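> After the sequence you'll find the predicted model.
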Protein chains: 2
Amino acid sequence: MLQKHGQKTNTPKVQYRTEMLKQKIKDKTVVVAVLGLGHVGYPMSSLFAKNGFQTIGYDISSKRLSDINQGKVISELTSILPNDETHKQKTLSEIANNLKISNKEEILKSADVFVVDVPTPLKENETPNLLFLTKTCKTITKFLRKETLVIVESTIYPGATEEIVKPLLEESGLHAGDDFYLSFSPERIDPGNKKWSLEKIPKIVGGINKESVDVASSLFSQIVEKVVPVSSLQVAEATKMLENIFRSVNIALVNDLSKFFEKMGIDTWETVAAASTKPFGFLPHYPGPGVGGHCIPKDPFYLLYKARKMGTNLEFIEEAACINRNMPLYVVHIAEETLNTCNKNVRESSFAVLGVTYKKDVLDIRRTPSKTVITELRKVSKNVMAFDPLTDETFGAKTGSLEETIKGKDCIILLVNHSYFRENSIEDKINELAPNCCLIDTRNFIDSSKLKKSIIYRCLGKPLKSG
Amino acid sequence: MLQKHGQKTNTPKVQYRTEMLKQKIKDKTVVVAVLGLGHVGYPMSSLFAKNGFQTIGYDISSKRLSDINQGKVISELTSILPNDETHKQKTLSEIANNLKISNKEEILKSADVFVVDVPTPLKENETPNLLFLTKTCKTITKFLRKETLVIVESTIYPGATEEIVKPLLEESGLHAGDDFYLSFSPERIDPGNKKWSLEKIPKIVGGINKESVDVASSLFSQIVEKVVPVSSLQVAEATKMLENIFRSVNIALVNDLSKFFEKMGIDTWETVAAASTKPFGFLPHYPGPGVGGHCIPKDPFYLLYKARKMGTNLEFIEEAACINRNMPLYVVHIAEETLNTCNKNVRESSFAVLGVTYKKDVLDIRRTPSKTVITELRKVSKNVMAFDPLTDETFGAKTGSLEETIKGKDCIILLVNHSYFRENSIEDKINELAPNCCLIDTRNFIDSSKLKKSIIYRCLGKPLKSG
């Protein structure tokens, strides 16, 4: 796919240096620094360490460092660890041997490679908040030397590496492309996806020049199965945008259709399953209470920001993001509607929200739709409890055990299909503790045939059954 | 997936009759009538005939019948014919033996099964034109007997089988479900798709009651590899809508993005190829001059019609359809823009349009985007020629051989990536016959490295190269 590079051809001297660095990468004698040890940076730094690279992990949060040191977030490494216990322990000690973590920037002194994995969130007004990125660039600038390699993995809009990262790094007096290598290689981690681990997902690599693509590709080919070089930084940036906007748009489509199908008496879940039998040209997406996590809810707004700055209106993509954003309100709406069908007043009803994180069996609560659902419920009812087996966060709702949360509630809303609920026979618990409730299932998770007849069951994307 | 049927349980007598009909289907002693011998009905009737069913093909068009009889449209059967010549001829004579075609409705007298494959187009105002469907139902009504089976395959909005087809058939005095079986089973044919032939694509089957699903499933399981029963007529209808709206929306997304990426200097084709390396959660779609054929451009408007009638606004789906519909105008726009860059006035320029059908190597011209492109060009230029190896239709443009069409033109627009153009070394022909043209490639088909430097090459979804 490597086709064009607008840059000037490098001199034989630069070519020689590039070959030297590639050899050092092959020999694993380069020191790799990963900046930002979050849901991406922690597994990423561990993967370098696992593969024998002397690795530095830098993060400004002492809380996060202590969580890592105490093994509290070791579940984030699941996809790069062997299954059997002996091999797993061996791998963990290899990682511990090679990975040094710190919140002191001096640790970066010895780095030959800087990998940027900091969050790129949104400001209140839905425009990119690049503060973490720019601060990190300024830190790197202090330690940048000739022949070092900088790789950005954080999601940014097309053009940002060249427009924002490059000038900040060049404040060092060194020139990107000539003096140091600059690459953008989007992270593609899928939390909780056991089939597609970090090592098995092909790695897109763009660069400011051909040499930057070359050295970054050499590095990644040491730790992942497949590297896909592309022709420019912008194509690499745009690839990540396309992937996540594809998801945003397709989730919006099925959410939008499901509201209409409910009205028509059509089961969206059955319809999606039927369409999935088409062996080409279709990819299933499912209705849900809204999108969460650090990618799908925000990435479209990165592209929309850039488009607006260039005078382009991407209304269609914006509309998709809005449909998804409004889903938590729709969940509250159908809860109210269902309560009304059994003559219950929403203001006098008690609520239990089951599941707070944004995704099944994942403990990430960033931009989780449950925040909106709980906040809206608390505006109308004084009795709102929430429970999640993976997090203590409840956005102001009272909490307790699963049983305490369910007990005696008028309305139970299942927002996340955690395995925990299955393992704890959620249907039996509801039958026992809230036999007269309205049960709102946003994940098609509940086996409604197990429920007592006195329970009014409603599933998102399915028609409310009469009677 | 078969879950619920609102209908009353049938009596033992009806159950007995159902078993009888299923046995006759198994013995292939039922006579199958296919009504409408178009791009779906002709292959479908041939497939029944190939599998040993006495088959009746009914179509009101004597032109179509004569085309079929003269073997002019035999290419539409490619996917159900064996590759080697001996077997192919044997299959064709089996089909000829078992398939009787006619435009006289009396031929339907002996039918036990009626399969409806008539077009369901749009009126001028973008609402469903169900005239073919209703006329066909009235014809069936004349010949409907007890224990016959009616299957609708034509694409319609959810609810239409029950609301429109059923009452028309019941004018016979017979009751759907009790006296005759009624099923909806969407056609899923993909013209030109050699991998997924009619026989290999799973068949969704919905019915007005369980017995209707049963007998229709029995029938289809005789001619296709997999049958997927669903719980209602509406789910079967909605499945087809979802499949085609999925395509409309995803094509719109990449078309919309590609216009912005062009502006940013990003190659959309390379970006889509890079995103396609993600092994989960992505399905590639490509930019193009707009959608055509009998499905993608119109099916969204069937659902939109039904939604509007029910007071639901599906703006997002409408917006997608509009983006695709505007693509031919965008193609004309970039042609004008490219001509301007070399100081050519569009009014004084001559144009060649290469490819008129809606899809590669397919001779279907229904709703082809070329119609709009040619019409718009003819508004501004007196010299517009068009050429397609598969059709003589040029929507008013002059035509000639490929060479005559290209010769001396200021602007050449490639709209369809027919294999014919590759086989005829299109780049060489353009170099020789129009060495100073602007060449607009809407399919990323041209090998621009083979073009003379004097040719200004522009590909949809790619930035216009400077200089």
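Perfect, thanks for sending it.
> got the contact list for A:Ser183?
By C-beta atoms under 8 Å, 6 or more residues apart in numbering or on different chains, the contact set of A:Ser183 is A:149-152, A:205-208, A:212-213, A:215-216, A:233, A:236. Bear in mind the C-beta positions are built from the backbone N, C-alpha and C, glycine included.
> just checking, it is part of a strand?
Yes. Secondary structure assignment places A:Ser183 in a strand (DSSP: H, G, I helix; E, B strand; the rest coil).
> How about the secondary structure of A:Lys88?
Assigned by three-state DSSP, the conformation of A:Lys88 is helix.
> coming back round to it: also near chain B: which of the contacts of A:Ser183, exactly?
For chain B, the contacts drawn from the contacts of A:Ser183 by C-beta under 8 Å from any C-beta of the partner chain are A:Ala236.
> Just the ones of the contacts of A:Ser183 in strands?
Those of the contacts of A:Ser183 mapping onto strands are A:Leu149, A:Val150, A:Ile151, A:Val152, A:Val205, A:Gly206, A:Gly207, per DSSP state E.
> Next, count neighbours for the nearest residue to the second one once chain neighbours are set aside.
Leaving out its chain neighbours, the residue that sits closest to A:Val150 by C-beta to C-beta, 6 or more residues apart in numbering or on different chains is A:Phe114, at 4.7 Å. Counted by other C-beta atoms under 10 Å in any protein chain shown, the residues lying close to A:Phe114 total 27.
> A:Phe114 contacts A:Ile140, correct?
Yes. Look at A:Phe114 against A:Ile140 with C-beta atoms under 8 Å: they come within range, at 4.9 Å.
> so what's in contact with the two at the same time?
Listed as contacting both A:Phe114 and A:Ile140 by C-beta under 8 Å, 6+ apart are A:Leu35, A:Leu108, A:Val150.
> From chain B, how far off is the first one?
Right, A:Leu35. 24 Å (C-beta to the nearest C-beta, to the nearest Å).
> dump the residue contacts of that residue.
Contact analysis of A:Leu35 by C-beta under 8 Å, 6+ apart lists A:Gly41, A:Tyr58, A:Asp59, A:Leu108, A:Phe114, A:Val115, A:Val116, A:Asp117, A:Val118, A:Thr136, A:Thr139, A:Ile140.
> please redo it, this time with the cut-off set to 10 Å
A:Leu35 is in contact with A:41, A:45, A:56-60, A:105, A:108, A:111, A:114-118, A:132-133, A:135-137, A:139-140, A:150, A:152-154, counting by C-beta atoms under 10 Å, 6 or more residues apart in numbering or on different chains.
> Report pLDDT for the residue lying closest to A:Ile107 once chain neighbours are set aside.
With C-beta to C-beta, 6+ apart as the criterion, A:Ile107 has its nearest non-adjacent residue at 5.4 Å, and that residue is A:Ile56. Per-residue pLDDT puts A:Ile56 at 98.
> Pairing-wise in the sheet, spell out the partners of the residue nearest to A:Val150.
Beta-bridge pairing for A:Phe114 (DSSP bridges): A:Ala33, A:Val150.
> Test my guess that it contacts A:Ile107.
No. Counting by C-beta atoms under 10 Å, A:Phe114 does not reach A:Ile107; the two are 12.0 Å apart.
> residues in contact with the helix or strand hosting A:Leu168?
According to DSSP states H and E, A:Leu168 maps onto helix A:166-170. Helix A:166-170 has contacts (C-beta under 10 Å, 6+ apart) with A:114, A:133-141, A:144, A:148, A:150, A:160-161, A:175-177, A:179-180, A:182, A:208, A:233.
> Can you select the buried ones from those residues in PyMOL?
Remark: buried members of those, expressed as a PyMOL selection using 16 or more other C-beta atoms under 10 Å in any protein chain shown:
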select buried, chain A and resi 114+133+136+137+139+140+141+144+148+150+160+161+176+177+179+180+182+208+233
